[in-house]
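Student: no FASTA, just this:
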């Protein structure tokens, strides 16, 4: 028997022993139920973020202000979150069960986090973020 066959058999045995452990199965089911409930609570905020006028204002302002400030704003949807990147600076709008959070970061280190309202002014958020970047 080769090393890889032996390794594969060992992994299968480990997986089957975990499946037989009722405590592990119960914990996994509990975790899945919590993840499902969290997704249900986030769903209205996800839909609102993707279709709100606020998001359109934010993206339009980034497209308009970016070149005047000499920066390119890269827009990316990552799962449920909207991510705006300029070099090492990032603004993420992330849906939570309580609403939408704006997360400002630099070099993958969080600088500031606060809740935002989608009834607010998206252009003001873009201006706050872009004008705060060093040139």
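Tutor: Nice, I can see it. Bear in mind the structure is a predicted one, so any value in this text is a computation, not a measurement. Residues are numbered from 1 along each chain as shown.

Student: So which other helices or strands are in contact with the helix ranked longest in the chain?
Tutor: In the chain, taking DSSP state H as the definition, the longest helix is helix 22-51. Applying 3 or more Cβ pairs under 8 Å, 6 or more residues apart in numbering; DSSP states H and E, one finds that helix 22-51 contacts strand 89-95, strand 100-106. The way it works is simple: take the backbone N, C-alpha and C, and place the C-beta from them, glycine included.

Student: got the angle between the first one and helix 22-51?
Tutor: Right, strand 89-95. Here strand 89-95 runs at an angle of 110 degrees relative to helix 22-51 (axes from the mean of the first three to the mean of the last three Cα atoms, to 10 degrees).

Student: how's this structure carved up into domains?
Tutor: The record's domain parsing of the chain by automatic domain parsing lists 3-42, 49-131.

Student: Need the ones you listed in a markdown table (columns: mean neighbour count and mean pLDDT).
Tutor: Output for those, formatted as a markdown table (neighbours: other Cβ atoms under 10 Å; pLDDT from 0 to 100):
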| stretch | mean neighbour count | mean pLDDT |
| --- | --- | --- |
| domain 3-42 | 10 | 80 |
| domain 49-131 | 15 | 92 |
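
Student: hmm, back to that, take the helices and strands packed on helix 22-51 and write them to a markdown table, including distance to residue 47.
Tutor: Conversion of the helices and strands packed on helix 22-51 to a markdown table gives the following (distance: least, Cβ to Cβ, whole Å):
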| stretch | distance to residue 47 |
| --- | --- |
| strand 89-95 | 9 |
| strand 100-106 | 11 |
